[in-house]
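**Q** fold the following, please.
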Amino acid sequence: MKNLISLLLFSLFIASCSTTSYVSPKKDTKNGVGKFLSEGKEIALSVEDSSTVAFFGERENKEITLFVFFKNESQEQYINVFPEDVKVYGIESDGSTKQLHTYNPKRYLKKMRNQQNLALALSAFGKAMEDMDAGTSTTTTYGTAYGSDGTSYNYYGNSTTTDESEKRAAQAENQRQLNKQARQAELYRNSVKEGLLMKTTLFPGSYIAGNIIFKHKSFSKYRLEVPVGDEIHEVYFELIKI
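**A** Predicted structure coming up:
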């Protein structure tokens, strides 16, 4: 059990700064579902004849991230695991259910990359506007002019100068910041990619774990269905605000 807990806690990738709720599973001894705590995490463990599933998770803004552990307990058969087959249903007060959208891992990463590229493009545009003004100063001159007939009038004028060395320094600093932002975005995307559960085959006695992400919709409670081979693990849970 300690190895399972260590694997769960080590592998989870959740940005805690945006976490708004945590998953609180329901214990159901009739259906072989247990619940235990580890370092503040509420972990559900579901045991069937040929497979074991454990999970915990959190809600981050508009998404629910579940870290799910699969183990093939059979001695002879292999099992295919598809993250898109894992389903979460929201349960209405009248007992009716609505399925939450399960993100395809590759499409989720593509969506993230597109969002990051848009943010980087907007940042680059803003810094380009800064570059236009970098090293530039404007001086306004005021004075009075007199005509030959003794009349006078006031005037003012603007003169603009550019310090090229200051401008180049500002451009270099902005480019450095853009490069840093791009590296940070790539590192974050790679971290998410490493944590996501991809489709795989479990051979007898083997296991796998990773994140599955769902689009959040608000319900009083939820039902998680995890198919593993011919078995379906069913666990009910709530989202508890932090």
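
**Q** report the contact partners of the spatially closest residue to residue 35 that is not a sequence neighbour.
**A** Leaving aside its chain neighbours, residue 35 sits nearest to residue 27 (4.2 Å; criterion: CB to CB, 6 or more residues apart in numbering). Glycine gets a C-beta too; all of them are placed from N, C-alpha and C. Applying CB atoms under 8 Å, 6 or more residues apart in numbering, we find residue 27 in contact with 33, 34, 35, 44.

**Q** the helices in this protein, which residues?
**A** Taking DSSP state H to define them, one finds helices in the chain at 2-11, 105-133, 164-195.

**Q** what's the closest of those helices to residue 226?
**A** Of all the helices of the chain, helix 2-11 sits nearest to residue 226, with 14.7 Å by CB to CB.

**Q** will you turn the helices of the chain into TSV that also has mean neighbour count, mean pLDDT and distance to residue 83?
**A** Formatted as TSV, these follow (neighbours: other CB atoms under 10 Å; pLDDT from 0 to 100; distance: least, CB to CB, whole Å):
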stretch	mean neighbour count	mean pLDDT	distance to residue 83
helix 2-11	13	46	14
helix 105-133	13	81	6
helix 164-195	13	82	12
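
**Q** could you dump those to TSV with distance to residue 51?
**A** Formatted as TSV, the helices of the chain follow (distance: least, CB to CB, whole Å):
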stretch	distance to residue 51
helix 2-11	14
helix 105-133	21
helix 164-195	22
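
**Q** closest one to residue 151 among the ones you listed?
**A** helix 105-133 (39.0 Å).

**Q** and that closest one, what other elements does it pack with?
**A** If you count contacts as 3 or more CB pairs under 8 Å, 6 or more residues apart in numbering; DSSP states H and E, helix 105-133 packs onto helix 164-195.

**Q** of the contacts of residue 27, which belong to strands?
**A** Among the contacts of residue 27, the members found in strands (DSSP state E) are 33, 34, 35, 44.

**Q** buried ones among those residues?
**A** By neighbour count, with 16 or more other CB atoms under 10 Å, the ones in strands among the contacts of residue 27 hold 33, 35, 44 as buried.

**Q** closest to residue 202 out of the helices of the chain?
**A** helix 2-11 (14.6 Å).

**Q** residue 74: neighbour count?
**A** Residues near residue 74, counting by other CB atoms under 10 Å, number 18.

**Q** give me the nearest residue to it, chain neighbours excluded.
**A** residue 50 (4.4 Å).

**Q** on that earlier part again, out of the helices of the chain, which gets nearest to residue 230?
**A** helix 2-11 (23.0 Å).

**Q** let me know the distance separating residue 45 from residue 31.
**A** 12 Å (CB to CB, to the nearest Å).

**Q** scratch that, residue 75
**A** From residue 75 to residue 31 the distance is 24 Å (CB to CB).

**Q** give me the more crowded residue out of those two.
**A** residue 31 (13 against 8).

**Q** for residue 57, give me its contacts.
**A** Residue 57 neighbours (CB under 8 Å, 6+ apart): 22, 23, 64, 65, 66, 67.

**Q** can I get those in TSV with distance to residue 122, pLDDT and neighbour count?
**A** Putting the contacts of residue 57 into TSV (distance: CB to CB, whole Å; pLDDT from 0 to 100; neighbours: other CB atoms under 10 Å) gives the following:
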residue	distance to residue 122	pLDDT	neighbour count
22	32	94	19
23	34	95	24
64	28	95	23
65	26	95	24
66	32	95	25
67	32	95	25
